[in-house]
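J.: How does the following fold in three dimensions:
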Amino acid sequence: MTDYSNAAPEDVWLKIRSGELAGQTSGMCNGYAQANLVILPEKYAGDFEEFAKKNPKPCPLLEVIHGSRFVHDMGVGANILTDIPRYRIFKNGSLTEEVTDATPYWQDDMVVFLIGCSFSFEEALMRSGIDVRHISMGRNVPMFRTKIMTEPAGPFKGELVVSMRPMTLENAEKANVITGRFPNVHGAPVNIGEPEKLGISDLQHPDYGDPVEFKPGEIPVFWACGVTPQSVIEHARLPLVITHAPGHMFITNMKNVDVNDFLENRKHRQQMV
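T.: Below you'll find the predicted structure:
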């Protein structure tokens with residue numbers, strides 16, 4: 001397997017666009033933020049943006065793009081319909097297919113939402129000596145639907161989805177502090193070591209992604225996940241929605257260390273208008 005950990009995002013976009021690269025993106029382009037994707041018709045965009053604002057842990061908004069397939073703030077030069085390895089197409093709330101090019105499904109009135117991704121803080125965890133198990137095993141991160149309900153907005157409502165990483169209690173406490181510094185990519189865990197409180201009974205059968213190994217003394221640590229909108233979309237039953245396939249993210253060309261300041265500065269500029 002080719003190692004893309006030190007690749008430039010622009011190079012990875014080209015490889016994805018050409019069909020050379022189609023796998024999950026965890027561990028790629030060290031230092032650069034990754035993003036979840038939701039594309040839906042303008043008619044529903046206001047309600048979805050309100051849903052994201054009400055649910056900032058699973059849906060931290062990085063960028064909203066109206067009527068264009070081209071990324072601006074998070075990746076000038078990227079085409080959001082071709083530069084993600086795999087997309088999901090939902091029609092009337094049902095997943096109908098997965099594709100590597102979403103161009104045929106684009107409509108001129110669509111709005112693109114890029115949402116922060118926990119892959120963005122994994123580099124910081126590894127720098128601190130914490131084994132991120134799905135990366136060391138070459139797998140996709142395990143993700144689970146929970147019994148925790150999100151705050152509704154318009155037609156959007158549904159269960160919180162979480163991603164899980166096994167680690168010792170000591171590392172879980174370190175991870176809590178580290179990821180708390182990344183509020184725009186899900187932030188600190190929502191649960192440490194108590195899957196039953198989330199309604200999760202079987203850690204070896206995730207709803208999305210792949211199961212991973214637990215070593216002696218390890219506990220599950222759960223973060224709010226940007227796949228949550230896919231659960232919500234099923235309930236909303238919109239005529240057409242495009243998302244990323246779980247684990248197959250858009251790799252931005254913005255450094256993780258710059259994302260928070262960029263977003264805070266943007267909020268400040270918007271407040272001044």
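
J.: tell me how far the ends of stretch 83-100 are from each other?
T.: The separation between the terminal residues of stretch 83-100, taken as C-alpha to C-alpha, to the nearest Å, is 9 Å.

J.: Show me which positions of that stretch end up buried.
T.: Of the residues in stretch 83-100, 83, 84, 85, 86, 87, 88, 89, 90, 99, 100 count as buried by neighbour count, 16 or more other C-beta atoms under 10 Å. Every residue, glycine included, has its C-beta placed from N, CA and C.

J.: May I see the residues you listed arranged in JSON lines, with secondary structure and distance to residue 23 as well?
T.: As requested, these are exported to JSON lines (DSSP: H, G, I helix; E, B strand; the rest coil; distance: C-beta to C-beta, whole Å):
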{"residue": "83", "secondary structure": "coil", "distance to residue 23": "14"}
{"residue": "84", "secondary structure": "coil", "distance to residue 23": "12"}
{"residue": "85", "secondary structure": "coil", "distance to residue 23": "6"}
{"residue": "86", "secondary structure": "coil", "distance to residue 23": "8"}
{"residue": "87", "secondary structure": "strand", "distance to residue 23": "14"}
{"residue": "88", "secondary structure": "strand", "distance to residue 23": "16"}
{"residue": "89", "secondary structure": "strand", "distance to residue 23": "19"}
{"residue": "90", "secondary structure": "strand", "distance to residue 23": "22"}
{"residue": "99", "secondary structure": "strand", "distance to residue 23": "15"}
{"residue": "100", "secondary structure": "coil", "distance to residue 23": "11"}
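
J.: Kindly provide the whole-number mean pLDDT of stretch 133-144.
T.: Across stretch 133-144, the average pLDDT comes to 94.

J.: I misspoke; the intended subject was stretch 211-220.
T.: 97.

J.: which two of the buried residues of stretch 83-100 lie the greatest distance from each other?
T.: 83 and 90 (20.0 Å; C-beta to C-beta).

J.: what's the spacing between stretch 246-260 and its chain's center?
T.: Its chain's C-alpha centre and that of stretch 246-260 lie 9 Å apart, by C-alpha atoms, centre = their mean, to the nearest Å.

J.: distance between the ends of that stretch?
T.: Terminal residues of stretch 246-260 are spaced 24 Å apart (C-alpha to C-alpha).

J.: any idea which of the buried residues of stretch 83-100 is the one closest to residue 151?
T.: Of those, the one sitting nearest to residue 151 (C-beta to C-beta) turns out to be residue 90, at 21.2 Å.
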